[in-house]
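A.B. asks: no FASTA, just this:
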């Protein structure tokens, strides 16, 4: 259910507390100047972090993920934080083997009970990237081109994590007392569904998380050049649909016409997921989606969003919808199905006349209120099995859901968001956009459900950072001004009434 | 049209000439013993050849292809052949760039005008292979397991080419005069459609090919453990269907729901190629196929073919057809569509939440009489364009046919085939199966059309050699006994009446 329209009056009272506190103006200026002076050092640290290919989706890169967690812990330890590397167990692979999950880094700076305690969540694992995917530069060698820092994970999520660390470091360097206690939870499995983190949060609910007042996540981006606060994310259910036929690949000349080919079966069932106009055809999915309210429609209508600019940015002549509200709504608050690719078929350049023996489609369905991943898993599995059964194929279909992350939605009138508006105003001198995120930050919902704490998403990534795609980047501007935003935000949070 | 049922009476007369010539019996025994004595040397040479990754479909491997042609030429030169490395020009790539084609090796041993002259055709390029595709051994390190020699290209077509070379070598080693003049045409582009060879054959029709009486091709395999003669092959039209959308890959969370995804479009059009029961849905394709005659039905009915064995060999519980005639007919003389895979989409292990920007499906259609590749190209392109147009997608579809190889069919009562039967009888003491080949030897049709010479396909590969798939192998038995078959065959051909 949408909750954003029921604002308890107490929150509106709290809001007024946030608005002014000139006592911190001076410190902000000093801190801001310090951040500017550290720019080259910050960029170098980001370069060191991007150089680690911490791709959590590829088990062969798991040693790099472990190394990345150790580097993160060490960085926080050197700053005097109380740091733990929390073992969160093993990951079971589709083939039944197991591999150790990257440990979760927790850290704490300050434990003054009179202060607010914020917990910053971030991740230091990345999506896969290869030069031959079409990168202009080596994705693991941070490269500065006209003030943009190109590299896998630069924006998602290494620079924001570093910006938060640098925020604490800046206070330390200038011997200015932190206005709030700051905790960190940094994980290394976000890109594949934050395996193991749910259990860790649950296990530490009454210990590490017991004194946390607010959770801050900076794992997203702005909608335009205007800074934004994010109040919702879509979840994601990621599926493998495997069709297995002959015991090995076959020559398409020698065997073509005698075997029922797994690839034909797979294409056939994939084609039943979505209509050409983007409508999801899996029964029950659309029915579960919360209807768009008139107020919501109006809110979207008021957001500044340049469709032509969006089109030209992604290089398409026509979008799925040609008006702003439909476009934003389908980006943020409706589910979508994306077919990412097929494992096991011929995917190289040139020609190969093979009948692939076993092919695995990878597709995912973005989740929104009031969808439930457990239900979606059943809907998709039942549907594909029934579609496949109609083909009367002797091949074997196996549908598995490997990620099942819930959506998350916050109240935009919450004091945390008022604090965010004030911080944005201080650093950028504008009002932020209030936006949702089409992508998934799987853990937001867990934090909310398990700890019962309020969450804000405070992005510093640019609207054109190319997350998950070729030539991901973080601009120096967003990296540095973003650090200042975090510094300003801690001041604002310090003035919220302690629960 | 099927031509195999109209046997001119002169051929039946010629047949009787072939049947007995005891004068050569002695030499055969000596030659056969010599071949046995050379087994380890032959295996080592095959190992050296398999070690060269002469994958003609991958332009990055082109230097290996050139090296392979040079090695082949050198081997023949050392034996005293008149050898040429014929430049056949350049290859235009889909992106407009060009790359040199591997040269064609021609060689000649003997020029006695009183003798028959045979021209052996073979190729030394291979299909792609990677250990991670599921090979039990390094595909480019020939590995002997229980008398089977595993390696890419071992059976297709390096061992048969070497067996022909060793045939000539054996005569030389024993100072026995070759009963026929032997020419070689060895190419390095067979696996991708023999680019450039057609033009080379045409250009040398009145020079190199002018004195050739018969063309022999050993680029195929037996149907069972019984030796076979092959009288037909399917052609192949290989297509790329490219759908291009955004200018780069996009994050499926951030952009999913706003863009019309190229992968969805591609899956949609691929699903219109074939019905679940294997029926080709492209208008005009099935109508072009020559009907199955009663005589042909009976011929298929008489072939020994164990369906259960075939099923268990490829590891499926059910085939596309459950009777021998349908099965052989759809393997040999009906077209099939195989979707090989998709380039540009996510094909790795793990999960990646990407919207691929440009995806290229690779599929091919096996060709049979009376299909015409030029017509098929138009039928497929028109059909896919019309299917795509109905989707009203802003993405761009580009259909290209990168291989267009015609089918080939011979007369089974031709003296060349009678000679083949006699040779098989001498070496293996059985009657050969008369079979067709579902795969494609693109050049057979060209040889026939350009030179007007008769062609025989004389396979020595095993029925379970795994061409084009993982764990391709050539057995020592087939390699060695196959060499003897070639030796015996030259004797038989020597006794055919010279045209």
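C.D. replies: Structure's in. What do you need? Predicted model, so just to flag it, every value in this text is computed and none were measured.
A.B. asks: Next secondary structure after the helix or strand of chain A with the lowest mean pLDDT?
C.D. replies: Lowest by mean pLDDT, DSSP states H and E among the helices and strands of chain A is helix A:9-18, with a mean of 42. Note on helix A:9-18: by DSSP states H and E, the next helix or strand toward the C-terminus is helix A:25-37.
A.B. asks: List of residues touching that next one?
C.D. replies: The contact list for helix A:25-37, computed with Cβ atoms under 8 Å, 6 or more residues apart in numbering or on different chains, reads A:42, A:166, A:170-171, A:173-174, A:176, A:426-427, A:480, A:483-484, A:487-488, A:491. (Glycine included, C-beta is placed from N, CA and C.)
A.B. asks: check contacts around the closest residue to residue A:196 other than its chain neighbours.
C.D. replies: Ranked by Cβ to Cβ, 6 or more residues apart in numbering or on different chains and with sequence neighbours excluded, the top spatial neighbour of residue A:196 is residue A:88, at 3.5 Å. Residues in contact with residue A:88, defined by Cβ under 8 Å, 6+ apart, are A:101, A:103, A:104, A:195, A:196, A:197, A:199, A:200.
A.B. asks: now, among those, which is nearest to residue B:373?
C.D. replies: Each of the contacts of residue A:88 was checked against residue B:373 using Cβ to Cβ; the closest is residue A:195, at 50.7 Å.
A.B. asks: isn't the closest one right up against residue A:91?
C.D. replies: Yes: between residue A:195 and residue A:91 there is a contact at 5.5 Å, judged by Cβ atoms under 8 Å.
A.B. asks: So for the two, which residue has more residues nearby?
C.D. replies: Between residue A:195 and residue A:91, counted using other Cβ atoms under 10 Å in any protein chain shown, the more crowded position is residue A:195 (22 against 18).
A.B. asks: Name the residues of stretch A:191-201 that are buried.
C.D. replies: For stretch A:191-201, burial by neighbour count (16 or more other Cβ atoms under 10 Å in any protein chain shown) applies to A:191, A:192, A:193, A:194, A:195, A:196, A:197, A:198, A:200, A:201.
A.B. asks: follow-up on the earlier one: which residues are common contacts for residue A:195 and residue A:91?
C.D. replies: Common neighbours of residue A:195 and residue A:91 are listed as A:101, A:189 (criterion: Cβ under 8 Å, 6+ apart).
A.B. asks: any idea how far the host helix or strand of residue A:75 is from the chain center?
C.D. replies: Residue A:75 belongs to helix A:62-78 when assigned by DSSP H and E. The chain centre lies 20 Å from the centre of helix A:62-78; the measure is Cα atoms, centre = their mean, to the nearest Å.
A.B. asks: Quick check: neighbours of the very next helix or strand once past that helix in the sheet, parallel or antiparallel?
C.D. replies: Note on helix A:62-78: by DSSP H and E, the next helix or strand toward the C-terminus is strand A:82-86. Under the criterion DSSP bridges, strand A:82-86 sits next to strand A:104-109 (antiparallel) in its sheet.
A.B. asks: residue contacts, residue A:266?
C.D. replies: Contacts here follow Cβ under 8 Å, 6+ apart; on that basis residue A:266 touches A:241, A:243, A:342, A:359, A:361.
A.B. asks: hang on, it in a helix?
C.D. replies: Yes: under DSSP: H, G, I helix; E, B strand; the rest coil, residue A:266 falls within a helix.
A.B. asks: Name the nearest residue to it, ignoring sequence neighbours.
C.D. replies: Nearest non-adjacent residue to residue A:266, counting by Cβ to Cβ, 6+ apart: residue A:243, 4.5 Å away.
A.B. asks: elements contacting the one helix or strand the one you found maps to?
C.D. replies: Using DSSP H and E, residue A:243 maps to strand A:235-244. Helices and strands touching strand A:235-244, by 3 or more Cβ pairs under 8 Å, 6 or more residues apart in numbering or on different chains; DSSP states H and E, are helix A:262-270, strand A:358-367, helix A:373-391, strand A:396-405.
A.B. asks: who touches the following helix or strand past it?
C.D. replies: For strand A:235-244, the following helix or strand on the C-terminal side (DSSP H and E) is strand A:250-251. With contact meaning Cβ under 8 Å, 6+ apart, strand A:250-251 is reached by A:259, A:353, A:354, A:355, A:357, B:314, B:438, B:439, B:466, B:467, B:468, B:469.
A.B. asks: any idea which of those has the most stuff around it?
C.D. replies: The most crowded member of the contacts of strand A:250-251, judged by other Cβ under 10 Å, is residue A:355 (30 neighbours).
A.B. asks: ok, the residue nearest to it when sequence neighbours are not counted - how many residues close by?
C.D. replies: Leaving out its chain neighbours, the residue that sits closest to residue A:355 by Cβ to Cβ, 6+ apart is residue A:250, at 4.2 Å. When neighbours are counted by other Cβ under 10 Å, residue A:250 registers 28.
A.B. asks: For residue A:250, give its distance to residue B:314.
C.D. replies: To residue B:314, residue A:250 is 6 Å away according to Cβ to Cβ, to the nearest Å.
A.B. asks: ok, now which ones touch the closest residue to residue A:367 other than its chain neighbours?
C.D. replies: Leaving aside its sequence neighbours, residue A:367 sits nearest to residue A:235 (Cβ to Cβ, 6+ apart; 3.1 Å). Neighbouring residues of residue A:235 by Cβ under 8 Å, 6+ apart: A:366-368, A:371, A:373, A:404-408, A:440, A:442, A:445.
A.B. asks: tell me the secondary structure for the spatially most central residue of chain A?
C.D. replies: Residue closest to the mean C-alpha point of chain A, counted by Cα atoms, centre = their mean, is residue A:441 at 3.9 Å. Using three-state DSSP, the structure places residue A:441 in coil.
A.B. asks: Could you pull up the residues touching it?
C.D. replies: A:190, A:217, A:219, A:220, A:233, A:408, A:457.
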